[in-house]
Structure formats: C-alpha cells, structure tokens
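[1] What follows is a predicted structure for the sequence shown.
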Amino acid sequence: MAKSHPNSTFEIACPDCGAMLKIDASTHAVIAHTPAPRKRTFEDFDQATRALREAEERKESIFRQSVEAQKNQEDVFNKRFEEALKKAKETPDTGKPLREFDLD
C-alpha cells in the first residue's frame, strides 16, 4: 500500500447508488457522504395519476377475484366433504383404533 499524505482525502462514487463518498486516506474511513440525487418516479402529473388509477384498478380486480373465490369456497368444501364421506363409507371398518401402548 502506498503511503499517502496524512491530511489527504479523496472522493469516490458508490457503484451501487451513485452517492459520493469522501474517504480519509490515512484512516481509510468515510468522513463525508453526499447522497445521490433522487430519480423521478414519474415525468409529470398525468403519468402519476394514470399509474395511480391503474394501481386502483388492479386492487379492485384482485378484490373481485377474492370475493368470487370466497363464494365458490363453500361449494368446494361441500364436494370435498361428500367425497371424503363416500370414501369413508366404502372403506371397511377394521375395528378398534390402535393405541400407542398396544404396539409395545
């Protein structure tokens, strides 16, 4: 490692976020941080309002699908119960259920 002047500092840009970091060469510590400028999410208000409307429409669609699934859930449970009941009637009863101490 090359020796540097004790009071020298240098600046580098963070490769991840673009912030500027001021580094002390002698201690290798960050002594100052300048955050990267924030990127605009939307170019104008029209674009932002369109995005909000689309998000609301997606939420409403998901909610409607959830309501429909909830309506059909009772039918699905009833069909599953009927199938399990039918299977239980077809399976012969083998007697008393086994207990753990019966296996010893």
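    Arrived safely, thanks for sending. Numbering: from 1, shown residues only.
[2] okay, C14: pLDDT?
    Per-residue pLDDT puts C14 at 85.
[3] Find the nearest non-adjacent residue to it, please.
    L21 (6.1 Å; C-beta to C-beta, 6 or more residues apart in numbering). For every residue, glycine as well, the C-beta is placed using N, CA and C.
[4] helix, strand or coil for the one you found?
    strand (DSSP: H, G, I helix; E, B strand; the rest coil).
[5] Helix, strand or coil: sort out A32 for me.
    Applying three-state DSSP: A32 is strand.
[6] which residues does the closest residue to it other than its chain neighbours contact?
    Among residues not flanking A32 along the chain, K22 sits closest, at 3.7 Å (C-beta to C-beta, 6+ apart). Counting by C-beta atoms under 8 Å, 6 or more residues apart in numbering, K22 makes contact with T9, F10, E11, V30, I31, A32, H33, T34.
[7] Wait, the fourth one touches M20, no?
    Spelled out, that is V30. No. Counting by C-beta atoms under 8 Å, V30 stays clear of M20, with 10.5 Å between them.
[8] Only the buried residues of stretch 61-72, if you could.
    Of the residues in stretch 61-72, none count as buried by neighbour count, 16 or more other C-beta atoms under 10 Å.
[9] Now do it: everything it contacts.
    With C-beta under 8 Å, 6+ apart, stretch 61-72 has no contacts at all.
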